[in-house]
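> Quick one: sequence plus predicted model below, questions after.
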Amino acid sequence: MLAVAALVALLGACTPGASPTPGLTQLTVGLGYLPSVQFAQFYRAQQQGYYRAAGLDVSFQHQIDPQLITLLGQGAVDIGMADGTSVIPAAGQRIPIRYAATVYARFPSIVMAAADSGISSPADLRGRSLGIPGRFGSSWIMLQALLASADLTPDDLEIELYPDFGQAVGLQQGQVDASTGFRNNEPIQLGLSGFETTILDVDAVTPLPGPGLTVGESTLASKREAVRAFVAATLRAMSEISTDPEAGLDDAIAVVPELGNDRATQLAILEATIEMWQSSYTEQNGLGAIDRDAWSRSLDFMRSLPDSNIPDSLTVDQLVSEELLP
């Protein structure tokens, strides 16, 4: 991977340090920790001029999820990608943010095992070893939901911690029987290297809300129309990339040239990402649609977790805002 400084250099004019353009509304957009082909819709909307045509001067920042949510709540970042399972506890702690558009209609965090491991359902994880970065975050919540469907808890497994996020390598090397990962990343890369996996996902168990566009309430009040225009332009780019992934990859490479060093792998990751943008709900209601019933069920589940501090008074109306959707 590139060093952070090198990544900042790669982003060039897309970084917050770029000079603002007169007459355009400035929006700072928070994405994940590192530039990635998984953000191709943002890069496409930038490269094809959709943001500028909507009167926006967009710059990207890259932050880890907890830092981004804090910045969104403070208004230091206008809008960004945040995991729904992070939005719920943050709102429970009165951080003023709203989830405004679904990007990942299917929850990306999964459990994976070698295809010949004999693990084909959550019940098969009993007594097995599983690698995970830590007992926190979306992967930990996903794991508990998956295990609960088989009347299991993490105590029924041998949990191995990989704080350096090397659990997929640990799986490939036989250090653990299973590991967490992201459906549009590790299984793709492992498969391309000849290591086939079985995937266990949580969607049919508890419909946890995946990453989506999240905005601070202060920004929602002060830049409502600009943020609405940003959401519309981004959804347009998502729709176009869904039809033509190669075009999305070209725009991503234009912003992050290093992605072009292994085009085949990056295209496979992007195609897997596109699959995560759609579900039966978004097919009926459109890209970006927020499934409020799924949010309600997720809220109930997360409130039931042993270490939960989510107040009973928190409601879906306090978590999501659909006013920015087309």
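Cool, got the structure. Residues are numbered from 1 along each chain as shown.
> For residue 62, list each beta-bridge partner.
On the basis of DSSP bridges, residue 62 is bridged to residue 31.
> measure it to residue 301 for me?
Residue 62 is 30 Å from residue 301, where distance means CB to CB, to the nearest Å. Every C-beta, even on glycine, is put in place using the N, C-alpha and C of the backbone.
> for residue 209, same thing?
Using CB to CB, one gets 11 Å for the distance from residue 209 to residue 301.
> of the two, who's got more company?
residue 209 (26 against 21; other CB atoms under 10 Å).
> Now that one: closest residue in space, sequence neighbours ignored.
residue 84 (2.6 Å; CB to CB, 6 or more residues apart in numbering).
> burial of the one you found, as a residue count?
With other CB under 10 Å as criterion, residue 84 counts 27.
> my read: it touches residue 213, true?
No: counting by CB atoms under 8 Å, residue 84 sits too far from residue 213 to count as a contact (11.1 Å).
> Return every residue with contacts to both of those two.
Shared contacts of residue 84 and residue 213, defined by CB atoms under 8 Å, 6 or more residues apart in numbering, comprise residue 99.
> Excluding chain neighbours, what is closest to residue 296?
Counting by CB to CB, 6+ apart, residue 316 is the residue found nearest to residue 296 once chain neighbours are left out, at 5.2 Å.
> That neighbour: neighbouring residues, count only.
For residue 316, the neighbour count with other CB under 10 Å is 17.
> same question, residue 202
The number of residues near residue 202, taken as other CB under 10 Å, comes to 24.
> and it, what does it touch?
107, 109-110, 142, 145-146, 208.
> hmm, back to that, and the residue nearest to residue 296, how far is that from residue 287?
20 Å.
> before we move on, what about residue 272?
17 Å.
> what bridges to residue 56?
Going by DSSP bridges, residue 56 forms beta bridges with residue 25.
> Secondary structure element holding residue 131?
strand 129-132 (DSSP states H and E).
> Given that strand, what are its sheet partners and their directions?
Here, using DSSP bridges, strand 129-132 pairs with strand 158-161 (parallel), strand 178-182 (parallel).
> Give the buried residues for the first one.
Neighbour-count burial for strand 158-161, with 16 or more other CB atoms under 10 Å as criterion, is recorded at residue 160.
> Likewise for stretch 57-64?
Buried, per 16+ other CB under 10 Å, within stretch 57-64: 57-63.
> again with stretch 75-87
Buried residues in stretch 75-87, counted by 16+ other CB under 10 Å: 75, 77-87.
> quick one: buried residues of the top helix by length along the chain?
Longest helix in the chain by number of residues (criterion: DSSP state H): helix 224-243. With burial defined by 16+ other CB under 10 Å, the residues of helix 224-243 counted as buried are 226-238, 240-242.
> And the furthest pair within those?
226 and 242 (24.9 Å; CB to CB).
> all strands of this structure, in order?
Using DSSP state E, the strands of the chain run over 25-31, 56-62, 79-82, 97-102, 109-114, 129-132, 158-161, 178-182, 197-200, 212-216.
> about what we covered before: show me which of residue 272 and residue 287 is the more surrounded one.
Neighbours per residue (other CB under 10 Å) separate residue 272 from residue 287, with residue 287 holding more: 21 against 18.
> I figured that one was touching residue 240, is that so?
No: taking contacts as CB under 8 Å, residue 287 lies outside contact range of residue 240: 10.8 Å.
> Is residue 189 in contact with residue 266, as I believe?
No: counting by CB under 8 Å, residue 189 sits too far from residue 266 to count as a contact (10.4 Å).
> Tell me which of these two has more neighbours.
residue 266 (23 against 16).
> Contact partners for the more buried one?
So residue 266 contacts 37, 249, 252-253, 259-260 (CB under 8 Å, 6+ apart).
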